[in-house]
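Peer 1: Next input, structure requested:
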Amino acid sequence: MPTLICDPPASGAKSHPFLQTLKLTEAGQVIAQARWMCATDPAQGVAQILDLSVSPPHQRVGHGHTLMEAITREATAYFKSRKVRLRRIWMPIEQKRQVIARSFLMQFGFSHVGTISELLRDEDLLIYMRTFD
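Peer 2: Numbering: from 1, shown residues only. Next comes the predicted model:
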């Protein structure tokens, strides 16, 4: 059974902006990792997922699901400690290279809310967001 490590803990965190790394480890090895942050005023209740990845030998067995649930739980705790509720989580996705990620996010209630054209070479950057309102 993988172990989840959240560094630093979100509940009671005092720093702003806040950046947290979540790692799933097995036998001392990192098998999956995610990072999320709150860079805006915490009163806005908005978090951004910077990355979420599972090493190839460990894909398609639920580790991404575990990380997504942990991000939501940790972000909720972070905002709750500031007497604010989590309102939105968003993540940028590369249109062509991250097709599986788009499908993955939609399983968690994320939807495509915007496109940034010509930011990347030969592909657009898509913005996916989940609303908790």
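
Peer 1: count of residues packed around the closest residue to residue 87 other than its chain neighbours?
Peer 2: The shortest distance from residue 87 to any residue that is not its chain neighbour, by C-beta to C-beta, 6 or more residues apart in numbering, is 3.5 Å, and that residue is residue 45. For every residue, glycine as well, the C-beta is placed using N, CA and C. Here the number of neighbours of residue 45 (other C-beta atoms under 10 Å) works out to 21.

Peer 1: ok, residue 45 touching residue 88?
Peer 2: Yes: taking contact to mean C-beta atoms under 8 Å, the distance of 6.7 Å between residue 45 and residue 88 places them in contact.

Peer 1: So for those two, which residues contact both of them?
Peer 2: Between them, residue 45 and residue 88 share these contacting residues under C-beta atoms under 8 Å, 6 or more residues apart in numbering: residue 132.

Peer 1: Could you tell me which residues make contact with the residue nearest to residue 87?
Peer 2: Each residue near residue 45 by C-beta under 8 Å, 6+ apart is listed here: 79, 84-88, 132.

Peer 1: can you check residue 126 too?
Peer 2: Listed by C-beta under 8 Å, 6+ apart, the contact set of residue 126 reads 92-95, 102, 112, 114-116.

Peer 1: Of those residues, keep whichever come out buried.
Peer 2: Among the contacts of residue 126, those scoring as buried are 92-93, 95, 102 (criterion: 16 or more other C-beta atoms under 10 Å).

Peer 1: Narrow the residues you listed to those in strands?
Peer 2: Counting by DSSP state E, the members of those that fall within strands are 92-93.

Peer 1: Mind putting the buried ones among the contacts of residue 126 into a markdown table with pLDDT and distance to residue 2?
Peer 2: Output for the buried ones among the contacts of residue 126, formatted as a markdown table (pLDDT from 0 to 100; distance: C-beta to C-beta, whole Å):
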| residue | pLDDT | distance to residue 2 |
| --- | --- | --- |
| 92 | 97 | 26 |
| 93 | 96 | 25 |
| 95 | 93 | 31 |
| 102 | 93 | 25 |
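
Peer 1: possible to save the buried ones among the contacts of residue 126 as TSV with distance to residue 31?
Peer 2: Written out in TSV, the entries for those read as follows (distance: C-beta to C-beta, whole Å):
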residue	distance to residue 31
92	24
93	22
95	27
102	23
